[in-house]
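Undergrad: Just need the structure, nothing else, for what follows:
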Amino acid sequence: MRSFLVIQSQAEDREITDIVEAAALAFGESRLSEAFDILRTWWQPVCIPELRKTGLIAISLLRNDEAVSFLLSLIQSGTLVDAKNSIAALSVYRENQALWQLVRERIEQRGEPSLLSMAN
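TA: This is a model prediction of the structure:
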């Protein structure tokens, strides 16, 4: 799995991109303890916007503290696109008041107007 994600992370072919996205999401849904490091390492050099977004969704699906902390750090200090995608990835947990409060706090700390509307 790790090799497949790393080798294919820069692929431009739509069919390969679809396969890589499905593999990343399946890996995230696995909730395996080693999945976070593999997904993060794969995600970091990816330059295809939709794969970067899918990677953050896959990381959010892990539902562990390490993954949530990583996404919160991107909200606070990542690129604007990564921050928006991290908020979107965590939005499935909006009903978790404690987690969503952490999201709001990171957005407020960043102070980026375009993110503030995503907090509500």
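Undergrad: Now do the contacts for Q76.
TA: A83, R106, Q109, R110 (CB atoms under 8 Å, 6 or more residues apart in numbering). The way it works is simple: take the backbone N, C-alpha and C, and place the C-beta from them, glycine included.
Undergrad: Just give the nearest non-adjacent residue to it, would you?
TA: R106 (4.3 Å; CB to CB, 6 or more residues apart in numbering).
Undergrad: same check, this time on G55
TA: Nearest non-adjacent residue to G55, counting by CB to CB, 6+ apart: W43, 3.6 Å away.
Undergrad: and R14, how many residues sit next to it?
TA: By other CB atoms under 10 Å, 9 other residues sit near R14.
Undergrad: outside of stretch 104-114, which residues touch it?
TA: Contacts for stretch 104-114 (CB under 8 Å, 6+ apart): L72, I75, Q76, S77, L80, A83, K84, I87, L115, L116, M118, A119.
Undergrad: Tell me where the longest helix sits in the protein.
TA: The helix that spans the most residues within the chain, counting by DSSP state H, is helix 14-30.
Undergrad: Would you state the helices of the protein in chain order?
TA: Using DSSP H, helices in the chain cover 2-8, 14-30, 35-43, 49-61, 65-77, 80-90, 97-110, 113-116.
Undergrad: Just the buried residues of the contacts of Q76.
TA: A83, R106, R110 (16 or more other CB atoms under 10 Å).
Undergrad: So which of the residues you listed is the closest to R63?
TA: R106 (18.0 Å; CB to CB).
Undergrad: how far away is that closest one from A22?
TA: As defined by CB to CB, to the nearest Å, R106 lies at a distance of 29 Å from A22.
Undergrad: re the thing from before, for the contacts of stretch 104-114, pick the one with the most neighbours.
TA: I75 (27 neighbours).
Undergrad: What sits closest to it if chain neighbours are left out?
TA: Using CB to CB, 6+ apart, the nearest residue to I75 is R106, at 4.1 Å.
Undergrad: what about that neighbour, distance to I57?
TA: 18 Å.
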